[in-house]
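**Student:** Structure of the sequence below:
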Amino acid sequence: MHRITPRRAALAVLGLLALAPAAQAAQSSGRVTLGDSAPSWAKSSTQVGSVPNDAQRHFWVYLRLRDSAALDAAVAAVSNPASASYGRYVTPAQFRARYAPTEAQVASVRAWLKAQGFTVSSQSPANNRWLEVTGTTAQVERAFATQLRAYKERGRVLPAPNGDLSVPRSVGGLIAGVAGLDGGDRLMKPGADVPDAPPAPAFVNAPPCSAYWGEKIATGDKSPDGQTIPGAYGGQQPYATCGYTPSQLEGAYGIKPAIAGGLDGRGQTVAIVDAFASPTIAADANQYATSHGQPPVALSQVLPPDVSNDPDEIENCDPQGWYGEESLDVEAVHAMAPGAHVLYVGGEDCFDENLIEAVNKIVDGNLAQIVTNSYGNYGEDEDAALLQAWNDTFRQAALEGIGVYFSSGDNGDEIANIGVRAPDFPASDPLVTAVGGTSLGVGKNDNYLFQTGWGTTTSTLTGGAWTPPPPGDYLYGAGGGTSRLFAEPDYQKPVVPKKLANANHGKGGGRVVPDVSLVGDPQTGMLVGQTQTFPDGSVRYSEYRLGGTSLSSPLMAGVMALADQRAGRRHGFANPALYGRYGTAAYRDVVAPVAPIAVVRNDFVNSVDATGGTTTKLRTFDQTGTLHTTPGYDDVTGVGTPNGQQFLDALAFGG
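**Tutor:** The predicted structure is shown next:
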């Protein structure tokens, strides 16, 4: 199982990789190998033991889509504004009839699995994408001609196959991959007798903060512990904003007049996928909307039968943390598209398999034309079967005219986490729109002041001085960079500098992340409303500032709802159209600041009040490490940020 954190042939139009991570190599024994089906961390040098023969494994067998080359060509055609087939999307029923595994193919794989002694779920999705299977270690080893062993990985002992899986040739052409046999994370399947996790522990922003950019300056101020707050970069710095409101974000991105005129997303459906489901989301979102002068949220939910949480497994997924993510996503979409229908689809847990299932519900049910996802992996070290399963989901979405948006990540170039520079998956998949983050200045009259790439360093006030001296230590920032998995898609070739495309991929060039960007920096983040649990045991609604590209993606989804309404049609997989408008007034180019920009920020040590002390910090902007905010396309902010009505008009007429 692979936990997600609160993300080869070139085709003519998109230049996509026709993924084959589960490539099958013939063996003399009459079996075929499922390539790359053992995790990279399962090495003989880290093996520490075996796995009991009677240990139960729950796993997924993914089936191949039919006529993959024709599917890729069809996706390229419907997504290319220059194609005669542009926008001629298919229905889920048409997709199933042409490309989904047939009932006979499913029956064949099911029969083989049962013959191996496995228990196979009687249920599979309508598009026959996978089967859920349960069996013992001994059964797994016999069926897939491998051995499950225990490995020491990142301080834990985890099970995994000690070599690639293989299957009989009779079913080898039908199976795309098998996921869930390694223990990269434990599967959490909550039991019906376990109550929902309570509202998350409270978080409160410490004062002072600015209602708009630069409202309050730390001139002559003292910190809560009595230190004089020094200047930086030749002057006194402003306090961080308290969190931008919907009105401020609509004003800064130039869509307030459109919304006032009825271009507010009405008639459009934006779906949000996260793990679990906040029990207070409807009340929270509507209280937030009322408090900020917005109409009620047209919210509906599609949830697994049970989204409760087992306390013994909380370290794996943290459902309470996902509650905050869901609140941010719903309120951010509604902030930019207050007339749109918002559909929340929850995953049973935070693992790829169940998040794929959640996205598949939307795609195969044609439940929305826009899907925003604020989660992803650390880099691209993803299980081969899951890479294929995700990509197949995105292929069906694109052919049906459903745009899939992913946050680009909040860990910059990922070097600190995984030791190499990498974008995050699924954002790096060429069939999704990866949304990067910016730092945003909004003026007193909800007007746009500036934007730069989100990358934050931090210094702490210690002994009357900033320590370490500014800019300080790297903290976080928008994800980006060049994929090592995916070739450069054709829509990027006229726009992305070759130096970036070739950074990790050699002469042929790789997919570069992100595609577009909106505000993500928590120092200039959005004010969010959520029911929280306070130290005195009370549970109540409160508002606090929140950011990350987890904010950027739903904001972009909201803007695209306006774009679809303006055009009177779905934009579907929008990247070819988005890149086609590059260099026009549709975007604001995001560049590095001429002079350093920083803010002063106070934080409660206990996250809720001053009883545990308060720290004072200086946060410096546009500190993006090996990623760089530059004029034109860059690997922090992509093609730039949407420029209000000009963006909406450009997409309506040009894509």
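**Student:** from here on, contacts and neighbour counts on C-alpha atoms
**Tutor:** Noted.
**Student:** got any ranges where the stretch 101-250 of the chain has weak pLDDT?
**Tutor:** Counting by pLDDT under 70, the stretch 101-250 of the chain contains low-confidence residues at 184-196.
**Student:** Which residue ranges of it form helices?
**Tutor:** In order along the chain, the stretch 101-250 of the chain carries the following helices (DSSP state H, counting those that start in this stretch): 103-115, 137-144, 169-172, 246-252.
**Student:** Name the stretch among those helices that sits most buried.
**Tutor:** helix 246-252 (a mean of 23; mean count of other C-alpha atoms under 10 Å).
**Student:** and it, what does it pack onto?
**Tutor:** Here helix 246-252 is seen to pack against helix 319-336, strand 433-442, strand 448-453 when contacts are counted using 3 or more C-alpha pairs under 8 Å, 6 or more residues apart in numbering; DSSP states H and E.
**Student:** Next, the angle strand 448-453 makes with the second one.
**Tutor:** Meaning strand 433-442. Strand 433-442 and strand 448-453 meet at an angle of 130 degrees, taking axes from the mean of the first three to the mean of the last three C-alpha atoms, to 10 degrees as the criterion.
**Student:** Check which residues of strand 433-442 are buried.
**Tutor:** Of the residues in strand 433-442, those with enough neighbours to count as buried (16 or more other C-alpha atoms under 10 Å) are Thr433, Ala434, Val435, Gly436, Gly437, Thr438, Ser439, Leu440, Gly441, Val442.
**Student:** Within the sheet, what are the partner strands of that strand, with directions?
**Tutor:** Note on strand 433-442: by DSSP bridges, its sheet partners are strand 403-407 (parallel), strand 448-453 (antiparallel), strand 516-519 (parallel).
**Student:** and the next element down the chain from the shortest one?
**Tutor:** Yep, that's strand 516-519 we're talking about. On the C-terminal side of strand 516-519, the nearest following helix or strand under DSSP states H and E is strand 526-533.
**Student:** what's the angle from that following strand to helix 319-336?
**Tutor:** 140 degrees.
**Student:** Tell me which of the helices and strands packed on helix 246-252 lies nearest to Leu551.
**Tutor:** Ranking the helices and strands packed on helix 246-252 by their distance to Leu551 (criterion: C-alpha to C-alpha) puts helix 319-336 first, at 6.7 Å.
**Student:** show me where pLDDT drops low in the stretch 351-500 of the chain?
**Tutor:** Applying pLDDT under 70 to the predicted model, the stretch 351-500 of the chain contains no residue that meets it.
**Student:** let's see it at 90
**Tutor:** 381-383 (pLDDT under 90).
**Student:** Would you map the helices across it?
**Tutor:** According to DSSP H, counting those that start in this stretch, the helices that the stretch 351-500 of the chain contains are 352-365, 384-399, 415-418, 498-501.
**Student:** Of those helices, flag the one that's most buried.
**Tutor:** By mean neighbour count, with neighbours taken as mean count of other C-alpha under 10 Å, helix 384-399 ranks first of these at a mean of 25.
**Student:** What helices and strands are in contact with it?
**Tutor:** Packed next to helix 384-399, using 3+ C-alpha pairs under 8 Å, 6+ apart, are helix 68-79, strand 175-179, helix 352-365, strand 403-407.
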